[in-house]
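[1] no sequence on this one, just coordinates:
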């Protein structure tokens, strides 16, 4: 993990991104960029727009105004382009969203088999490697309902990795987990960060942000209120709202 | 239930397959042997056994054909009903509204008597008219069962599939529909069993199915108790066999082991 942020070329660029739900404007002109190899942690109160920005990046939530580009290509409704972009941008959800009617192995192999048209045996071999990486190879033939939340989330990470994405988005990956399962998921994410994966993580895990992030971004009322490297962000909170927020979630 | 009789060490899929195969074989066997079985009974059943068997076969064919078409219709109408296109939604709603709001008997009579008047030259044979009317009818009810299933699949399932880069059709066929279908199965089975019994209304346009046969025999022999009991028991045997098949299908989808 290198911290030479200024030498990197931006991979995802957001320019004046806006989004409203009804009359409520959730994103009020967000401009930022995310570079290859960088780990960004986005924090902020619920409703501040941090998850909406993340979901706008792969267009699960289409933005209303401004632009988002991935590797120079605009994120729009153009279906073929969007599918290619989504293959490059893996996503992990708060509620895991494993496919309930499929085994762990089928969850991981579905997208590679359908999109890259690789054989089932080849996909299985690759999926088992990924499951080993997240410590789930012993559970390959189980169904999601037979797994704990932490195990499901580790499978969900393997499923996203199976498409060999350039970037991984994490939308509050540990918020739905019992406290004792949070660490096993964070451990997998730490390992992923060490391997040089580009990550954008919406979380309330301040320890993870402090330890793994290259930059910490604070969302407030639909804007990026502040961003800084973690050491600076936590040591010298830029304003009282940030200090108050850090104080609240630290307990 | 047949699903419960297999060795305990068999897997869910093996039990499901075994049930499916044996229930289908049983169904074919019963339908094939029905004439000979009924021939063993005393008058007035024994000497009319072949008519009963023929009527039962007609009932089963009518049900299977309209059931299959009705399933396809139901899925299509459910998709239209939940589609993003206003026109498709309205078409599906209108179809369901008309079919559910009018009696099946009227629909069967309309298909046989009124359609040739409205569309000159289109004279459907009685069996075809009944099959179409029954398929249209069960299709409307199936549409609502399938729609309930589609709505019950959590939004996150489709989102996760889309986020992986899967094309829309794959999101539907691989992720949403299998889960929706599993949820829809019990009401679909109810509709199918109801269809088997409702096919008796084809009697009104002269289709020689089981009820029609029974009624003809009871009025010619003046022995209504024996004939109508035979008709009732034959329906019961058919619906029991059908529910064995559908139970096997439900069991196959039961990855969560909720059915013992």
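    On my side now, so go ahead. What you are looking at is a predicted structure, and each value in this text was computed from that prediction instead of being measured. Numbering: from 1, shown residues only, chains lettered A, B, ... in the order given.
[2] need the contact list for residue 45.
    Just going to use chain A. A:219, A:220, A:245 (CB atoms under 8 Å, 6 or more residues apart in numbering or on different chains). Placement of C-beta: from N, CA and C, glycine included.
[3] not what I meant, chain B
    B:38, B:52, B:226, B:227, B:230.
[4] between those, which has the most around it?
    Greatest neighbour count in those, by other CB atoms under 10 Å in any protein chain shown, goes to residue B:52: 25 neighbours.
[5] And that residue, how close does it get to residue B:223?
    According to CB to CB, to the nearest Å, residue B:52 stands 13 Å off from residue B:223.
[6] before we move on, what about residue B:160?
    Using CB to CB, one obtains 64 Å as the distance from residue B:160 to residue B:223.
[7] And those two? Which one has more around it.
    Neighbour count, other CB under 10 Å: between residue B:160 and residue B:223, residue B:160 has more, with 27 against 14.
[8] Low-confidence bits of the stretch 151-260 of chain B, can you list those?
    When residues are selected by pLDDT under 70, those of the stretch 151-260 of chain B lie in B:259-260.
[9] One more pass at 80, please.
    Applying pLDDT under 80 to the stretch 151-260 of chain B flags the ranges B:256-260.
[10] Out of the contacts of residue B:45, which sit inside helices?
    Residues of those located in helices (DSSP state H): B:38, B:52, B:226, B:227, B:230.
[11] State whether residue B:178 is indeed within a strand.
    No: read with DSSP: H, G, I helix; E, B strand; the rest coil, residue B:178 is helix and lies in no strand.
[12] where do the helices sit along the chain?
    You didn't pick a chain, so chain A it is. Going by DSSP H, chain A shows helices at A:50-57, A:79-88, A:104-115, A:120-133, A:149-161, A:179-194, A:206-212, A:230-235, A:240-249.
[13] um, chain B though
    Using DSSP H, the helices of chain B run over B:12-39, B:49-81, B:86-101, B:104-109, B:115-118, B:126-152, B:155-163, B:168-170, B:177-198, B:210-221, B:224-253.
[14] which one of those helices lies closest to residue A:176?
    Nearest of those to residue A:176, taken as CB to CB: helix B:155-163 at 11.1 Å.
[15] does that closest one come close to chain A?
    Yes: for helix B:155-163, a contact with chain A is found by CB under 8 Å from any CB of the partner chain, at B:156, B:157, B:159, B:160, B:161, B:162, B:163.
[16] now do stretch B:85-97
    No: for a cut-off given as CB under 8 Å from any CB, stretch B:85-97 has no contacts with chain A; the smallest distance is 15.9 Å.
[17] So which bits of that stretch are buried?
    Buried residues in stretch B:85-97, counting neighbours by 16 or more other CB atoms under 10 Å in any protein chain shown, are found at B:88, B:92, B:95, B:96.
[18] excluding its backbone neighbours, what's nearest the residue nearest the centre of chain B?
    Of all residues in chain B, the one closest to the mean position by CA atoms, centre = their mean is residue B:192, 2.9 Å from it. Nearest residue to residue B:192 in three dimensions, chain neighbours excluded: residue B:67, at 5.3 Å (CB to CB, 6 or more residues apart in numbering or on different chains).
[19] measure the one you found to residue B:241 for me?
    13 Å.
[20] Equivalent analysis for residue B:130, please.
    Residue B:130 sits 21 Å away from residue B:241, going by CB to CB.
[21] same thing with residue B:192?
    12 Å.
[22] swap in residue A:38?
    To residue B:241, residue A:38 is 63 Å away according to CB to CB.
[23] Ok, residue A:42 next?
    From residue A:42 across to residue B:241, the span is 59 Å (CB to CB).
[24] So those two - more neighbours on which side?
    More crowded of residue A:42 and residue B:241, by other CB under 10 Å: residue A:42, with 27 against 20.
[25] List the residues that contact that one.
    Counting by CB under 8 Å, 6+ apart, residue A:42 touches A:50, A:53, A:54, A:200, A:201, A:202, A:203, A:217, A:219.
[26] what about the first one, neighbour count?
    Residue A:50: 27 surrounding residues under other CB under 10 Å.
[27] so who does the closest residue to residue A:180 other than its chain neighbours touch?
    In space, and not counting its chain neighbours, residue A:180 is closest to residue A:150: 8.0 Å by CB to CB, 6+ apart. Each residue near residue A:150 by CB under 8 Å, 6+ apart is listed here: A:177, A:178, A:180, A:181, A:182, A:184, A:185.
[28] Try it again at 7 Å.
    Neighbouring residues of residue A:150 by CB atoms under 7 Å, 6 or more residues apart in numbering or on different chains: A:177, A:181, A:184, A:185.
[29] what does the model give the closest residue to residue B:230 other than its chain neighbours for pLDDT?
    Computed as CB to CB, 6+ apart, the closest residue to residue B:230 that is not its neighbour in sequence is residue B:45, at 5.2 Å. Residue B:45 carries a pLDDT value of 84.
[30] do you know how far residue B:45 is from chain A?
    In this view, residue B:45 and chain A are 47 Å apart by CB to the nearest CB, to the nearest Å.
[31] Tell me the spacing between that residue and residue A:193.
    79 Å.
[32] same check, this time on residue B:71
    Between residue B:71 and residue A:193 the distance, using CB to CB, works out to 49 Å.
[33] Between the two, point out the one with more neighbours.
    Shown here are residue B:71 and residue A:193; by other CB under 10 Å, residue A:193 has more neighbours (22 against 19).
[34] in the stretch 1-150 of chain A, what spans have low per-residue confidence?
    The stretch 1-150 of chain A contains residues with pLDDT under 80 at A:1-8.
[35] Show me what from it comes close to chain B.
    Those residues of the stretch 1-150 of chain A that sit near chain B, judged by CB under 7 Å from any CB of the partner chain, are A:58, A:60, A:83, A:86-87, A:91, A:93, A:95, A:97, A:99-101, A:110-111, A:114-115, A:143, A:145.
[36] circling back: among the contacts of residue A:42, which one lies nearest to chain B?
    Chain B lies nearest to residue A:54 out of the contacts of residue A:42, by CB to the nearest CB, at 10.8 Å.
[37] what's near enough to touch the closest one?
    Residue A:54 makes contact with A:169, A:171, A:200, A:202 under the criterion CB under 7 Å, 6+ apart.
[38] Give me the pLDDT value at the second one.
    On pLDDT, residue A:171 comes in at 96.
[39] One more: residue A:251?
    Residue A:251 carries a pLDDT value of 57.
[40] Check residue B:15 too.
    84.
[41] and the closest residue to it other than its chain neighbours, how far is that from residue B:26?
    Closest residue to residue B:15 in three dimensions, ignoring its sequence neighbours and counting by CB to CB, 6+ apart: residue B:6, at 4.6 Å. Residue B:6 is 15 Å from residue B:26, where distance means CB to CB.
[42] Over to residue B:227?
    25 Å.
[43] now what about stretch B:66-79, what contacts it?
    Under CB under 7 Å, 6+ apart, the answer for stretch B:66-79 is B:92, B:95-96, B:131, B:134-135, B:138-140, B:142-143, B:145-147, B:150, B:192, B:195.
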